[in-house]
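Chemist: I'd like to go over a predicted model; first the sequence, then the structure.
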Amino acid sequence: MEKNFFVKSHGLGNEYIVLDDENIDFSLTSESIKTICDVHFGIGSDGVLLKVHSEKADFGLRIFNPDGSEAEKSGNGLRIFCKYLFDLGFTDKREFTVETKGGVVRARVEEVINGKARLITVDIGKATFKTEDIPVSIEKDECIGEKIVVDDREFEINCVSVGNPHCVIIVDKLDDEIVKKYGRLIENHRIFPNRTNVQFVKPVSRDQVEIRIWERGAGYTLASGTSSSAVAAVMVKRGITDRDVNVVMPGGILRISVDEEWNIRMTGEVQEICRGVLSDEIIEQFLSY
Ligand SMILES: N[C@H](CCC[C@H](N)C(=O)O)C(=O)O
């Protein structure tokens, strides 16, 4: 594999660039990540995935948002990483484990087309509603159906972690302008010491919801695996949907299953966009930071 080789893939329009820590001539810093993710000064992406060594699992993964922050989990990121491992021959197994900052997850390649993984299932982890684990700084054990005031509006929020923090808001009507205006404010609200991902969800039936997403460190994205998982957990917790839910997003549909112990399974497609090599010029720029 050539030095500074990368693969860019997307999961339902939520794209990531994958790099191998053993094969890059520069350090991934906040500055180099921001540049790589910039559509004008870099490649353009919703984040960077870095393959790293793991003592606990078959593979290790670090996940970075476009603002340079590191995330504990990424559902689309994990499916894209599993495709990278399978397609590039790092494994010939269909099922393997990946260590993330938010814990070890198990993945399974469900469908292969022309030797390339296309449909992948990830057991993303167990949802927790405990405010101390999410974290949410309020004087209650859980933050379900609580009210917060953001700028000129009051929102009823439902907070959950699937390894990373989420704030789920149930609405009758989805409005991108509201998502973009209030998503950023809620992401950075003082009750979230680590900030939070934000989802607005419109229930459709007992097995389908529609969501819009404002991601921590990334902003408005077309799809999010951990957001879909967080929304499904809240829907089940509040008795609004059954345990198997289709989560419809602008980029596509993820199938989420929530078991009785709040373990969450996600199944969805992934697609490779391109492969390439970061140029010497941009590597020199990274080294000059
Ligand atoms: N922005 C998220 C990480 C990426 C999540 C999303 N892209 C997914 O597919 O789960 C965070 O800081 O927790």
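Modeler: Thanks, I have the structure now. Numbers count the residues shown, from 1 in each chain.
Chemist: when you work out contacts or count neighbours from here on, use the C-alpha atoms and nothing else.
Modeler: OK.
Chemist: per-residue pLDDT, G145?
Modeler: Confidence at G145, expressed as pLDDT, is 98.
Chemist: after the host helix or strand of it, which helix or strand is next?
Modeler: Assigned by DSSP states H and E, G145 falls within strand 144-150. Once the chain leaves strand 144-150, the next helix or strand it forms, by DSSP H and E, is strand 153-161.
Chemist: could you pull out the buried residues of that next one?
Modeler: Burial within strand 153-161, assessed by neighbour count using 16 or more other C-alpha atoms under 10 Å, is assigned to 155-161.
Chemist: out of these, which are close to the ligand?
Modeler: For the ligand, no contacts are drawn from the buried residues of strand 153-161 by C-alpha under 6 Å from any ligand atom.
Chemist: which of these sits closest to the ligand?
Modeler: S161 (9.4 Å; C-alpha to the nearest ligand atom).
Chemist: which residues does the closest one bridge with?
Modeler: Beta-bridge partners for S161, by DSSP bridges, are T128, P165.
Chemist: counting contacts, what elements does the strand holding G145 pack onto?
Modeler: Secondary-structure packing of strand 144-150 (3 or more C-alpha pairs under 8 Å, 6 or more residues apart in numbering; DSSP states H and E): strand 153-161, helix 176-187.
Chemist: is the last one anywhere near the ligand?
Modeler: No. Contact of helix 176-187 with the ligand (C-alpha under 6 Å from any ligand atom) is absent, the minimum separation being 9.9 Å.
Chemist: residues in contact with that helix?
Modeler: 150-151, 195-200, 212-216, 219-220 (C-alpha atoms under 8 Å, 6 or more residues apart in numbering).
Chemist: quick one, phi/psi of G77?
Modeler: Per-residue torsions, G77: phi -60, psi -40 (degrees, to the nearest 10).
Chemist: look up how far the ligand lies from it.
Modeler: 6 Å (C-alpha to the nearest ligand atom, to the nearest Å).
Chemist: so that residue sits against D46, correct?
Modeler: No. Shown here, G77 and D46 do not form a contact pair, counting by C-alpha atoms under 8 Å, at 9.6 Å.
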